[in-house]
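> give me a model of this one.
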Amino acid sequence: MSLDRRSNKGIRPSALVAALALALLFGGCSPAGEISGHASDAGHLGRADAARDAEVPRTDAGVADASWDAGGGPVDAGGGEKDCYADDKWTCVSVSPAGPYGKRTFQVPAAQNWVNTGLYLRAGQKATIAESGTWNIGGDAGESIDHGPCVVGDFVARIGLHYKDKALTCISGQGTFTADKDGILYVGALPSNDLGETYETRRNATGAKNVTVTSTGDTAPTVASGAVAQYDFGKVTSGWVELAGEHVLVTLPTRTAKADQAILLAALERLDAIYELHEKLRGARPQHGQRLRFFPDGTQPGYMLAGNPVRMASSLVEVSSEDRISNAGAPPERAQVWGFAHELGHDFTFVHGAWNYQDRSLESWPNIFSVHALEALGIPPVDNVTGCPSAKGSYNTWDAWGGLCFLLQFQYAYGWKFYADFFRELNTLSPSQVPGGRPQWHFVHDLFEKTSGKDVTPVFRTWEVPNPG
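Numbers count the residues shown, from 1 in each chain. Modelled structure (predicted):
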């Protein structure tokens, strides 16, 4: 699920469906985009039970179905600081630029993809965590995952959001958390393994826990977009912050925030604009409509891995990298945003957990969103896209770019409204109504014909894509 803006290298998952279990394969990509090596991932992803799949997902993909009492956490969680974004659905914990952290009490919605507690711990430092309340994560509660000791439905505390980190601490009632490494403390419900969250394993989560965190550790503030231009990042003694746009969160070292402070607001606004354009095309929001976090992982399988968080190579938050995420605020001709648009595009292809339609094209569909967004923003596309109008290829041999060129033939013929209409139709279907494997192309073919009102079989045959004729 990754695309290097310049070389198109990265490790990308492709996916197959087998009965009720999902088996995912990770593949590396050559410069031409071919899927080369694979390593199996047999970890728990979260199964869809029959009752859940029988429900037709809501098009708004919002959080109105969540049942926590206060609709999320307080903006001010006890410290008096007001740097957090204001949100009546999702928790943001306000803290001072410097520690000690002290004591904070806030809500943790089961549907939220990890709450940043605002606490920064160094290896060996401790925090006391107390939790109470109830939540429901869905049909897989109590099942084990393939990293760490916790089971689905547990209240979990972790340092950072490193991919498949085994150092997860499960807490019931009250416990002491000890940091295994330096980093921000995140807490939340465990819905699946880390990969499963990409595929919206929180989509049926309801309820919330009331949580109190107490520590003498340092702080990691969340800074809303309206404050980034004037914020004194030099006062943040932990060296880390999270920046909050309207739709995104960016975890960033303060050294990069200080160096790029003049373009931070523009970077957040451009990432927000990409999100909004993706939403316009899809007609729905992923992950209950909450902000999507970009987190510098450094351990994730590839250059970037979609989900919430979007896990990034550590270099993408370093000033030395031209491709760093904060450089999204540069002028359009220099903004390196294709990869970030691509990963957000993945999240929009996974809305409601109905993703099976992407057979041999898991890396192609997100780029429909990327092309649309960059075109609207006046940002040049990557070179691989420019040859698509005259491209020819075959389903049997295409790479990610060949699949994209095939999909773009319908945009060239019918405009962007074609895909907007296609996705709105897809939004009305539950995951069990969307087939996987080669049969999905018959499904896509028929939905393409319904959307366009035209016979699309000749295009499918030209590209040797499976079709019902």
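> what about residue 423, neighbour count?
21 (other CB atoms under 10 Å). In this view, the C-beta of every residue, glycine as well, is placed from N, C-alpha and C.
> measure the nearest residue to it once chain neighbours are set aside to residue 198 for me?
In space, and not counting its chain neighbours, residue 423 is closest to residue 282: 4.7 Å by CB to CB, 6 or more residues apart in numbering. Residue 282 sits at a distance of 16 Å from residue 198 (criterion: CB to CB, to the nearest Å).
> could you give the mean pLDDT of stretch 391-402?
Mean pLDDT, stretch 391-402: 95.
> mind saving the C-alpha coords of it as PDB?
This file holds the C-alpha atoms of stretch 391-402, laid out as PDB (Å, rounded to 0.1, in the frame of the first residue of the first chain):
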ATOM      1  CA  ALA A 391      -2.100   2.900 -22.900                       C
ATOM      2  CA  LYS A 392      -2.900  -0.800 -23.700                       C
ATOM      3  CA  GLY A 393      -2.400  -3.700 -21.400                       C
ATOM      4  CA  SER A 394      -3.800  -7.000 -20.100                       C
ATOM      5  CA  TYR A 395      -5.300  -7.900 -16.700                       C
ATOM      6  CA  ASN A 396      -3.100 -11.000 -16.800                       C
ATOM      7  CA  THR A 397       0.200  -9.100 -16.800                       C
ATOM      8  CA  TRP A 398      -0.600  -5.600 -15.600                       C
ATOM      9  CA  ASP A 399       1.000  -3.900 -12.600                       C
ATOM     10  CA  ALA A 400      -0.500  -1.200 -10.400                       C
ATOM     11  CA  TRP A 401       0.000   1.400 -13.100                       C
ATOM     12  CA  GLY A 402      -1.600  -0.800 -15.800                       C
END
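> what residues sit buried inside it?
391, 393, 395, 398, 399, 400, 401, 402 (16 or more other CB atoms under 10 Å).
> what do you get for stretch 330-339?
So for stretch 330-339, counting by 16+ other CB under 10 Å, buried means 330, 335, 336, 337, 338, 339.
> any chance of JSON lines for these, columns pLDDT, distance to residue 374 and secondary structure?
Below are these laid out as JSON lines (pLDDT from 0 to 100; distance: CB to CB, whole Å; DSSP: H, G, I helix; E, B strand; the rest coil):
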{"residue": "330", "pLDDT": "94", "distance to residue 374": "14", "secondary structure": "coil"}
{"residue": "335", "pLDDT": "89", "distance to residue 374": "9", "secondary structure": "coil"}
{"residue": "336", "pLDDT": "87", "distance to residue 374": "11", "secondary structure": "coil"}
{"residue": "337", "pLDDT": "96", "distance to residue 374": "7", "secondary structure": "coil"}
{"residue": "338", "pLDDT": "96", "distance to residue 374": "7", "secondary structure": "helix"}
{"residue": "339", "pLDDT": "95", "distance to residue 374": "11", "secondary structure": "helix"}
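> looking at those residues, which is nearest residue 373?
Proximity of these to residue 373 (CB to CB) peaks at residue 337, which lies at 8.4 Å.
> can you give me the distance of the closest one to residue 278?
From residue 337 across to residue 278, the span is 12 Å (CB to CB).
> I figured residue 376 hits residue 277, correct?
Yes: assessed by CB atoms under 8 Å, residue 376 is found in contact with residue 277 at 5.3 Å.
> between these two, which one's more packed in?
residue 277 (21 against 15).
> now the closest residue to residue 375 other than its chain neighbours: how far from residue 337?
The spatial neighbour of residue 375 that comes closest, neighbours along the chain excluded (CB to CB, 6+ apart), is residue 381 at 7.3 Å. Distance, residue 381 to residue 337, using CB to CB: 11 Å.
> overlap of the contact sets of those two?
residue 374 (CB atoms under 8 Å, 6 or more residues apart in numbering).
> can you map out the strands along the stretch 201-350 of the chain?
206-215, 218-219, 222-224, 240-244, 248-253, 292-296, 304-305, 310-312 (DSSP state E, counting those that start in this stretch).
> packing partners of the longest one?
Under the contact definition 3 or more CB pairs under 8 Å, 6 or more residues apart in numbering; DSSP states H and E, strand 206-215 sits against strand 102-109, strand 115-121, strand 126-136, strand 183-189.
> kindly report the same for the fifth one.
In this structure, strand 248-253 makes packing contacts with strand 240-244, helix 261-282, strand 292-296, judged by 3+ CB pairs under 8 Å, 6+ apart.
> likewise for the second one?
With contacts defined as 3+ CB pairs under 8 Å, 6+ apart, strand 218-219 has these neighbours: strand 115-121.
> residues contacting the strand it packs on from elsewhere in the structure, which ones?
Contacts of strand 115-121 (CB under 8 Å, 6+ apart): 73, 77, 91-95, 99, 101, 104, 106, 108, 127, 159, 179, 182-188, 211, 213, 215, 217-222, 238, 240, 242, 249.
> just the buried members of those?
Here, 16+ other CB under 10 Å leaves 73, 77, 91-95, 99, 101, 104, 106, 108, 127, 159, 179, 182-188, 211, 213, 215, 217-222, 238, 240, 242, 249 buried among the contacts of strand 115-121.
> which residues in the protein form helices?
50-53, 194-198, 254-259, 261-282, 338-349, 365-377, 383-386, 400-414, 416-426, 439-452, 457-462 (DSSP state H).
> and residue 175, which of those is closest to it?
helix 194-198 (21.7 Å).
> circling back to that earlier point, could you single out the nearest of the buried residues of stretch 330-339 to residue 409?
residue 338 (20.8 Å).
> next one: that closest one from residue 370, what distance?
6 Å.
> over to residue 204?
Counting by CB to CB, the gap from residue 204 to residue 370 is 29 Å.
> do residue 335 as well
Taken as CB to CB, the span from residue 335 to residue 370 is 13 Å.
> check residue 220 too.
31 Å.
> tell me which of residue 204 and residue 370 has more neighbours.
Neighbour tally, residue 204 and residue 370, criterion other CB under 10 Å: the higher count belongs to residue 370, 28 against 23.
> surely the more buried one meets residue 346?
No: with contacts counted by CB under 8 Å, residue 370 stays clear of residue 346, the gap being 10.0 Å.
> low-confidence stretches in the protein?
1-83, 300 (pLDDT under 70).
> can you pull up the most central residue in it?
By CA atoms, centre = their mean, the chain has its centre lying nearest to residue 307, at 2.6 Å.
> put the alpha carbons of stretch 240-258 into PDB.
Extracted C-alpha coordinates of stretch 240-258, given in PDB (Å, rounded to 0.1, in the frame of the first residue of the first chain):
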ATOM      1  CA  TRP A 240       7.200  15.600  19.800                       C
ATOM      2  CA  VAL A 241       3.800  17.100  18.800                       C
ATOM      3  CA  GLU A 242       0.700  16.100  16.900                       C
ATOM      4  CA  LEU A 243      -0.700  18.600  14.400                       C
ATOM      5  CA  ALA A 244      -4.400  18.600  13.800                       C
ATOM      6  CA  GLY A 245      -6.100  19.600  10.600                       C
ATOM      7  CA  GLU A 246      -9.800  19.400  10.000                       C
ATOM      8  CA  HIS A 247      -9.400  15.800   8.700                       C
ATOM      9  CA  VAL A 248      -5.900  14.700   9.500                       C
ATOM     10  CA  LEU A 249      -3.400  14.300  12.300                       C
ATOM     11  CA  VAL A 250       0.400  14.400  11.800                       C
ATOM     12  CA  THR A 251       2.800  13.100  14.400                       C
ATOM     13  CA  LEU A 252       5.900  15.200  14.000                       C
ATOM     14  CA  PRO A 253       9.200  15.900  15.800                       C
ATOM     15  CA  THR A 254       9.500  19.500  16.900                       C
ATOM     16  CA  ARG A 255      12.800  20.000  15.100                       C
ATOM     17  CA  THR A 256      10.900  19.500  11.800                       C
ATOM     18  CA  ALA A 257       7.900  21.500  13.000                       C
ATOM     19  CA  LYS A 258      10.300  24.400  13.800                       C
END
